[in-house]
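*Asks:* I would like to see how this sequence folds:
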Amino acid sequence: MKLRTLLDRFGYVKRSDSNTAAITTAFSDRGISINPPIVRFGEDWEITMEDWIYLSDASKEVKPPKPKPGNSGAPWKHDPWFDKIAGYELRTEKEVEIKFVVPLLARLGYGDDDRFDGMPVPAAHGSKGTTLVIDFALFDSSVEGLRHQPLLTVEAKKENRLKKREEILNAHNQAKSYCLWTQCDFFLITDSKTVQAFHIARGNLADLKPLFVCERHELKDKFGGLYAIISREVLSAYYLAKLATTDEAI
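*Replies:* Prediction:
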């Protein structure tokens, strides 16, 4: 259905941060995803009132990609960056973002036009509104049908921060919140020493098991598995397949 129709069915005359958050929460609690997301990214609304919104039942969603064994002839086997990062000492979270996350995302197929760095998203906690800032939100700018659909969100932490259970839980909770508001099904968390990738299902935010885990020194050997899960190529195919299973309604 069109966004204006969806708002009307909830009794809203105009679009606002509060009512789009309320609609997003109501559907997510019932295991229904909204694609593309209807909340605002940054200063502007990404979609118009005439854009089509697709609703899908989580129980019928496309299954997440499964890791595939790495190929010894894969190009990253000859990429010196993987050897170089093994000896990195990253002193701040910003260095983790710039020197580790951005190059990693580039090798997963995401270009500069696909990244929204520090993406602010209005959210709601109870009756109070707030703004979340996502370290990285990844898109596929080359596909018109996915122009407003985040494929992946990334939460970066200071080096060695994910050695602590409390910090891991905090990163998981942040990432889950990002996925709720952006209606994104995949997230990655990393402190550069550890890399974890997850798939998240609507209506079941508590049960999280990583699709991929590795340490930085293992990344060269295991990168094929990560690419097979969260690369731009793989996730674009996943979201296009997901949209193809939904029905349009006026």
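*Asks:* let's verify the nearest residue in space to residue 49 that is not next to it in sequence: helix, strand, or coil?
*Replies:* Ranked by C-beta to C-beta, 6 or more residues apart in numbering and with sequence neighbours excluded, the top spatial neighbour of residue 49 is residue 4, at 4.3 Å. (Each C-beta comes from the backbone N, C-alpha and C, glycine too.) Assigned with DSSP: H, G, I helix; E, B strand; the rest coil, residue 4 falls in the helix class.
*Asks:* quick check: the gap between residue 4 and residue 74.
*Replies:* 47 Å (C-beta to C-beta, to the nearest Å).
*Asks:* helix or strand right after the helix or strand bottoming out on mean pLDDT in the chain?
*Replies:* Lowest mean confidence among the helices and strands of the chain (mean pLDDT, DSSP states H and E): strand 54-57, at a mean of 82. The C-terminal neighbour of strand 54-57 among helices and strands, as given by DSSP states H and E, is helix 80-85.
*Asks:* for that following helix, name the packing helices and strands.
*Replies:* helix 102-107, helix 219-230 (3 or more C-beta pairs under 8 Å, 6 or more residues apart in numbering; DSSP states H and E).
*Asks:* so for the longest one, what's the average pLDDT?
*Replies:* When you say that, I think you mean helix 219-230. Average pLDDT, helix 219-230: 94.
*Asks:* C-terminal to it, what's the next element?
*Replies:* Next element after helix 219-230 (DSSP H and E): helix 232-244.
*Asks:* which helix is the longest one in the protein?
*Replies:* Determined from DSSP state H, the single longest helix within the chain is helix 165-182.
*Asks:* quick check: angle from the helix or strand just after that helix to helix 232-244?
*Replies:* Going down the chain from helix 165-182, the next helix or strand is strand 186-190, by DSSP H and E. Relative orientation of strand 186-190 and helix 232-244, computed by axes from the mean of the first three to the mean of the last three C-alpha atoms, to 10 degrees: 150 degrees.
*Asks:* CA atoms of strand 186-190 as PDB?
*Replies:* Output of strand 186-190 as PDB, limited to C-alpha atoms (Å, rounded to 0.1, in the frame of the first residue of the first chain):
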ATOM      1  CA  PHE A 186      21.300  -7.700   9.300                       C
ATOM      2  CA  PHE A 187      23.900  -6.000  11.500                       C
ATOM      3  CA  LEU A 188      27.600  -6.300  12.200                       C
ATOM      4  CA  ILE A 189      29.400  -5.400  15.400                       C
ATOM      5  CA  THR A 190      33.200  -5.100  15.700                       C
END
